[in-house]
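**Student:** just to be clear, the model below is a prediction. Sequence and coordinates:
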Protein chains: 2
Amino acid sequence: MKLETIDVRQTASATDLVFEALRKAIIEGELAEGEHLRQDRIAQMFNTSRIPVREALQRLEQDGLVTTQRYRGTVVAALSAVEIEEIFEFRALLESEVIRLAVPALTRKQLDAARTNLEAFATASDPGGWGEANRKFHYGLYEAADRPYHLQIIRSSLDRVDRYLRAQLTLTDGKKRAHREHLSILDACERGDADEAASLTRAHILDAGRSLLAILEKRRGQSV
Amino acid sequence: MKLETIDVRQTASATDLVFEALRKAIIEGELAEGEHLRQDRIAQMFNTSRIPVREALQRLEQDGLVTTQRYRGTVVAALSAVEIEEIFEFRALLESEVIRLAVPALTRKQLDAARTNLEAFATASDPGGWGEANRKFHYGLYEAADRPYHLQIIRSSLDRVDRYLRAQLTLTDGKKRAHREHLSILDACERGDADEAASLTRAHILDAGRSLLAILEKRRGQSV
DNA sequence: TTAACTCAGATTGGATCCAATATACAATCG
DNA sequence: CGATTGTATATTGGATCCAATCTGAGTTAA
């Protein structure tokens, strides 16, 4: 008898599972800013003890998604306008450079995949779908740069602001504009124009940031 | 009787202390690449249980300083030449941009402090002293940019390669060259030439990276 | 009335104990 | 003698328990 050898070692711990679930919930905006994350309540939800929950919360804190005060608990992080602005500025710098490095290495297959993701973004009906398609479009292109560390940091910085970004995209003109910008970025990639792709990506991110801040301004003005 | 009100709330947990101590030991190269970090041994060293140790190890893993395999333990991370190269490239991009933003905002006081740190770097006699002075010099200038998120990422990326960098600086010409480059960066800052300071910083980091990789190449060539 | 105090409940931080897994070495079989 | 299997030990992952701290309602005193 011959069997395929399969590695059955468990790769995901309870901590990993809890971390991923909470991360997803925060990024997608299901947990509101400032909401308390009680350890035993979460432990019950996942049928574990508080140990993996605490470890997951610590990881989330390192990623800037929650803030913890000793003996007082953990809440979903709230970013100020200034903090959000800085992260968009950071992303613009980093992502424009990575797309510049990616363009010369892009394969036909990667370009086609990008067009598919671009259309998925346009036709997606819910915020979760947009967010996913948006990430796939950009990251799919970035992959060609072969810079795993850059990509890891890019992911982490998008994670911090993604919930705000998704809220911004609920406005139809924001989504339409993003789609137009995606189109022109992809065109530049197809033409092999790295500088243009970088410049468009930079503008794309800064545009989204400005638009987002304007909305936040308005909303906070109303609520006060 | 009147007393000044002082906040005595403990801010550092056992986890924080263990994390900081291990982080420092790894960054300064006291723990060798691939060295095993056994939970109970470390717990004994710090007179705690394994819980804070595990949490500290998880944080270190998120920072890329150690790698963990389920049920097999944690070892000090070993970076490949390609990985080191990418991180230097990343730092060059980020730090040159941050110094560009900092220059117009630099105060006389900050410039003077930078000169002090620059001299401390030149006169420091041990690797630990160089590393400290090097960080103080660069980060002191970056502070003026008022970009805390950028700075956090800069710190994290330097952490990953600092132990290799300190080893590189043990070669006297490496240290001398670094000192000369520091001087010209500071000069550009004094003149208010942001572009020049950015360009010099970029070259400074890439130089160090190239020099470091050459040494690694040689060493690994010998050991094989 | 109001500010300070007390104490009970809630919540987190850490220690100890048990379960799951990996590794090394002895035992067994061809 | 070599490959394989069983087993003992080491080590990590997770559960439960205890200690430390915060919070807030009720109480008391100026």
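**Tutor:** Sure thing, it's come through. Numbering: from 1, shown residues only, chains lettered A, B, ... in the order given.

**Student:** now do the contacts for A:Glu86.
**Tutor:** B:147-150 (C-beta atoms under 8 Å, 6 or more residues apart in numbering or on different chains). All C-beta atoms are positioned from the backbone trio N, CA, C, and that covers glycine.

**Student:** equivalent analysis for A:Leu169, please.
**Tutor:** A:127, A:130-131, A:134, A:175, A:178.

**Student:** 7 Å instead, please
**Tutor:** Residues in contact with A:Leu169 (C-beta atoms under 7 Å, 6 or more residues apart in numbering or on different chains) are A:127, A:130, A:175, A:178.

**Student:** any idea which of those is least confident?
**Tutor:** Of all those, A:Pro127 carries the smallest pLDDT score, 76.

**Student:** assign the nearest residue to it once chain neighbours are set aside to helix, strand or coil.
**Tutor:** Leaving aside its chain neighbours, A:Pro127 sits nearest to A:Arg166 (4.5 Å; criterion: C-beta to C-beta, 6 or more residues apart in numbering or on different chains). Put simply, A:Arg166 is helix when judged by DSSP: H, G, I helix; E, B strand; the rest coil.

**Student:** immediately after the helix or strand hosting A:Leu22, which helix or strand?
**Tutor:** Using DSSP states H and E, A:Leu22 falls within helix A:14-27. Following helix A:14-27 in sequence order, the next helix or strand is strand A:36-37 (DSSP H and E).

**Student:** same question for that following strand, mean pLDDT?
**Tutor:** Strand A:36-37 shows a mean pLDDT of 96.

**Student:** any residues touching that strand, and which ones?
**Tutor:** Identification of contacts with strand A:36-37 by C-beta under 7 Å, 6+ apart yields A:57, A:66, A:73-76.

**Student:** which one of those residues is nearest chain B?
**Tutor:** Ranked by distance to chain B (C-beta to the nearest C-beta), the contacts of strand A:36-37 are led by A:Leu57 at 10.3 Å.

**Student:** filter the contacts of strand A:36-37 to the buried ones?
**Tutor:** Neighbour-count burial (16 or more other C-beta atoms under 10 Å in any protein chain shown) applied to the contacts of strand A:36-37 gives A:57, A:66, A:74-76.

**Student:** just the ones of these in helices?
**Tutor:** Residues from the buried ones among the contacts of strand A:36-37 lying in helices, with DSSP state H as the criterion: A:Leu57.

**Student:** rebuild the buried ones among the contacts of strand A:36-37 as JSON lines, extending it with pLDDT and distance to A:Gln44.
**Tutor:** Below are the buried ones among the contacts of strand A:36-37 laid out as JSON lines (pLDDT from 0 to 100; distance: C-beta to C-beta, whole Å):
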{"residue": "A:Leu57", "pLDDT": "97", "distance to A:Gln44": "15"}
{"residue": "A:Val66", "pLDDT": "97", "distance to A:Gln44": "19"}
{"residue": "A:Thr74", "pLDDT": "96", "distance to A:Gln44": "16"}
{"residue": "A:Val75", "pLDDT": "96", "distance to A:Gln44": "19"}
{"residue": "A:Val76", "pLDDT": "97", "distance to A:Gln44": "19"}
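
**Student:** closest to DNA strand C out of the buried ones among the contacts of strand A:36-37?
**Tutor:** A:Thr74 (6.0 Å; C-beta to the nearest atom of the strand).

**Student:** is that closest one in contact with A:Gln58, as I believe?
**Tutor:** No. With contact defined as C-beta atoms under 7 Å, A:Thr74 does not reach A:Gln58; the gap is 9.0 Å.

**Student:** which helices and strands does the helix of greatest length in chain A pack with?
**Tutor:** Selection of the longest helix in chain A by residue count, based on DSSP H, yields helix A:194-223. Judged by 3 or more C-beta pairs under 7 Å, 6 or more residues apart in numbering or on different chains; DSSP states H and E, the packing partners of helix A:194-223 are helix A:81-102, helix A:148-169, helix A:172-191.

**Student:** can you lay out these as CSV showing distance to A:Gly209?
**Tutor:** Below are the helices and strands packed on helix A:194-223 laid out as CSV (distance: least, C-beta to C-beta, whole Å):
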stretch, distance to A:Gly209
helix A:81-102, 3
helix A:148-169, 8
helix A:172-191, 12
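
**Student:** lowest-confidence stretch among those helices?
**Tutor:** Ranked by mean pLDDT, the helices and strands packed on helix A:194-223 bottom out at helix A:172-191, with a mean of 90.

**Student:** was I right to think A:Ala124 contacts A:Trp130?
**Tutor:** Yes. Contact criterion C-beta under 7 Å: A:Ala124 and A:Trp130 qualify, at 4.9 Å.

**Student:** neighbour-wise, which of those two wins?
**Tutor:** A:Trp130 (22 against 17; other C-beta atoms under 10 Å in any protein chain shown).

**Student:** so what's the more buried one up against?
**Tutor:** Neighbours of A:Trp130 in contact, by C-beta under 7 Å, 6+ apart: A:121, A:124, A:166, A:169, A:175.

**Student:** ok, the last one - contacts?
**Tutor:** The reference is to A:Lys175. With C-beta under 7 Å, 6+ apart, A:Lys175 has these contacts: A:130, A:169.

**Student:** could you redo the last one with a cut-off of 10 Å?
**Tutor:** The contact partners of A:Lys175, by C-beta atoms under 10 Å, 6 or more residues apart in numbering or on different chains, come to A:121-122, A:124, A:127, A:130, A:134, A:168-169.

**Student:** can you check the second one too?
**Tutor:** Going by C-beta under 10 Å, 6+ apart, A:Ala124 touches A:130-134, A:169, A:175.

**Student:** rerun at 6 Å
**Tutor:** With contact taken as C-beta atoms under 6 Å, 6 or more residues apart in numbering or on different chains, A:Ala124 is in contact with A:130, A:133.

**Student:** now do stretch A:42-51: distance to the chain's middle.
**Tutor:** From the chain centre to the centre of stretch A:42-51 is a distance of 26 Å (C-alpha atoms, centre = their mean, to the nearest Å).

**Student:** for it, what is the average pLDDT?
**Tutor:** 95.

**Student:** list the buried ones in that stretch?
**Tutor:** The neighbour-count check on stretch A:42-51 (16+ other C-beta under 10 Å) flags A:42-43, A:48 as buried.

**Student:** for stretch A:129-137, same thing?
**Tutor:** Residues of stretch A:129-137 classed as buried under the neighbour-count rule (16+ other C-beta under 10 Å) are A:130-137.

**Student:** what is the nearest of these to DNA strand C?
**Tutor:** A:Gly131 (28.0 Å).

**Student:** isn't A:Glu35 right next to A:Val76, touching?
**Tutor:** Yes. Using C-beta atoms under 6 Å, A:Glu35 is in contact with A:Val76, at 4.8 Å.

**Student:** so which residues make contact with stretch A:9-26?
**Tutor:** Here stretch A:9-26 makes contact (C-beta under 6 Å, 6+ apart) with A:31, A:46, A:48, A:52-53, A:55-56, A:59-60, A:65, A:76.

**Student:** by neighbour count, which of these wins?
**Tutor:** Neighbour-wise, those (other C-beta under 10 Å) top out at A:Ala56, 28 neighbours.
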